[in-house]
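1. 3D model of this:
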Amino acid sequence: MTRDDTLAGIDSRLVDTDRLETHYLESGAPNGADDSEGTVVFVHGNVSSSRFFEDVMTDLPAGYHAIAPDLRGYGDSETKPVDATNGLGDFGADLRALFSELDLVDPVTLVGWSNGGGVAMRYAIDNPDAVANLVLINPLSPYGFGGTRDKEGTPCFGDYAGSGGGLGNEGFVAGLAERDRGEEGQSSPRKVLRTFYVDPSYVFDEEREESYLKGMLDTVTGDENYPGDATESQNWPGVAPGENGVNNAISPKYCSLEEIADIEPDEKPPVLWIRGDSDQIVSNESVFDIGTLGRMGQIPDWPGEDVFPPQPMVDQTRAVLERYADRGGTFEEVVFSNVGHTPHVEVPNDFLEQVTGVLE
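-> Modelled structure (predicted):
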């Protein structure tokens, strides 16, 4: 179903593609109009939805057509299983089907946040000629999330233990499933939103917080979606990736995005990498990474720095983008001070200034 609570200037739409029924938000100039400056596509991250992009969509410069889809299992889109063995391929193929159904005029500017940054990279790898610009907001490392030890993405263990669906916080997952809107508990969705999605000093507008929280609670939970299934492992911490669900799809066992550097030079879109310097979710010492938690004593029997250090996520992204530039592409890294995981929410004006610069 479509939404009736969007911000002014935002339309909520539903379309059937050959893969799934997809909900998306739309604003700006009609697609393909003579005066259109092009299409900007915003791709949300894990445990979120298109709601997180409404504010910036309303403020895009006149003439631009913007859409923000809900990925499968999120927001108001259809729920379908995520085949983790395909990495982020299901999401990338879903985008391609949506763009085809909407008859979007290629190429588009693709803006991906967190896991959506990984989806955007996957899409660019598979469809380089269809991407005019690539904007990555606190993106997933090209080597996935968890279980790797250095800038080259070397796995800590051969079975990729320490990554995947078995490491989801049970209290947080239960809160999502129960649609808990309360403030109690460190792992309640609202507490996670306030504590980890943004810099701790950031104070939400009450109405917008409720919308973002609903975007989180619209996440489908279970073995086939978030966080996914798991297999036992003899390696620390005792679990390795399963074959289904989102957190397995971003495990380094299946998620391979470093090949973005291998796109042909004349097809490489310019890359703008935006991140907040106080991001606690995607960082060199992410508090959602099992290596960091082991070092902190939160997970018992940590095998130590030599075996399972925190994943250097930011360093990995930079290394791959430097290789991207060495092989004929271009990228720019922009870091916002005192900003967490959601620059587009925390500093929307600064964020829009950077995106507008890309569009112009």
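2. Strands along the chain, start to end?
-> For the chain, the strands defined by DSSP state E cover 11-16, 21-28, 38-43, 64-69, 108-113, 131-137, 221-222, 226-227, 230-232, 239-241, 271-276, 331-336.
3. In TSV, list the ones you listed along with mean pLDDT.
-> Shown next, in TSV, are the strands of the chain (pLDDT from 0 to 100):
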stretch	mean pLDDT
strand 11-16	97
strand 21-28	97
strand 38-43	95
strand 64-69	96
strand 108-113	97
strand 131-137	97
strand 221-222	98
strand 226-227	98
strand 230-232	97
strand 239-241	98
strand 271-276	98
strand 331-336	98
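4. of those strands, which approaches Asp5 most closely?
-> With CB to CB, the closest approach to Asp5 among the strands of the chain belongs to strand 11-16: 8.6 Å. In short, each C-beta sits where N, CA and C put it, glycine included.
5. that older thread, output the strands of the chain as CSV; include the columns distance to Ser286 and mean neighbour count.
-> CSV is the format used below for these (distance: least, CB to CB, whole Å; neighbours: other CB atoms under 10 Å):
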stretch, distance to Ser286, mean neighbour count
strand 11-16, 33, 14
strand 21-28, 29, 22
strand 38-43, 20, 26
strand 64-69, 25, 24
strand 108-113, 15, 26
strand 131-137, 16, 25
strand 221-222, 21, 18
strand 226-227, 15, 24
strand 230-232, 19, 17
strand 239-241, 17, 27
strand 271-276, 12, 23
strand 331-336, 16, 16
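6. Out of those strands, which is closest to Glu101?
-> With CB to CB as the criterion, Glu101 lies closest to strand 11-16 of those, at 5.5 Å.
7. just the angle between that closest one and strand 21-28, please?
-> Strand 11-16 and strand 21-28 are oriented at 140 degrees to each other (axes from the mean of the first three to the mean of the last three CA atoms, to 10 degrees).
8. And strand 11-16, what does it pack against?
-> If you count contacts as 3 or more CB pairs under 8 Å, 6 or more residues apart in numbering; DSSP states H and E, strand 11-16 packs onto strand 21-28, helix 89-102.
9. Buried residues of the last one, list them for me.
-> Pointing back at helix 89-102 there. For helix 89-102, the neighbour count (16 or more other CB atoms under 10 Å) marks 89-99, 102 as buried.
10. what angle do it and strand 108-113 make?
-> Going by the same axes, to 10 degrees, helix 89-102 makes 140 degrees with strand 108-113.
11. Now do the contacts for Met216.
-> Applying CB atoms under 8 Å, 6 or more residues apart in numbering, we find Met216 in contact with 47-49, 176, 189, 192-193.
12. Kindly provide the distance from it to Pro142.
-> According to CB to CB, to the nearest Å, Met216 and Pro142 sit 25 Å apart.
13. and what of Glu264?
-> Relative to Pro142, Glu264 is positioned 18 Å away (CB to CB).
14. Arg275 now?
-> Distance from Arg275 to Pro142, counting by CB to CB: 14 Å.
15. what are the C-alpha coordinates of stretch 352-360, in PDB please?
-> Taking only C-alpha atoms (Å, rounded to 0.1, in the frame of the first residue of the first chain), the coordinates of stretch 352-360 have been written out as PDB:
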ATOM      1  CA  LEU A 352      22.800  18.500   0.000                       C
ATOM      2  CA  GLU A 353      25.500  21.000  -0.900                       C
ATOM      3  CA  GLN A 354      27.800  18.100  -1.600                       C
ATOM      4  CA  VAL A 355      25.300  16.200  -3.600                       C
ATOM      5  CA  THR A 356      24.200  19.300  -5.600                       C
ATOM      6  CA  GLY A 357      27.900  19.800  -6.400                       C
ATOM      7  CA  VAL A 358      28.000  16.400  -8.000                       C
ATOM      8  CA  LEU A 359      24.800  17.000  -9.900                       C
ATOM      9  CA  GLU A 360      26.000  20.300 -11.300                       C
END
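16. and for it, what are the contacting residues?
-> Counting by CB under 8 Å, 6+ apart, 37-38, 40, 56, 59-61, 64, 109, 111, 133, 135, 270, 272, 274, 334 sit against stretch 352-360.
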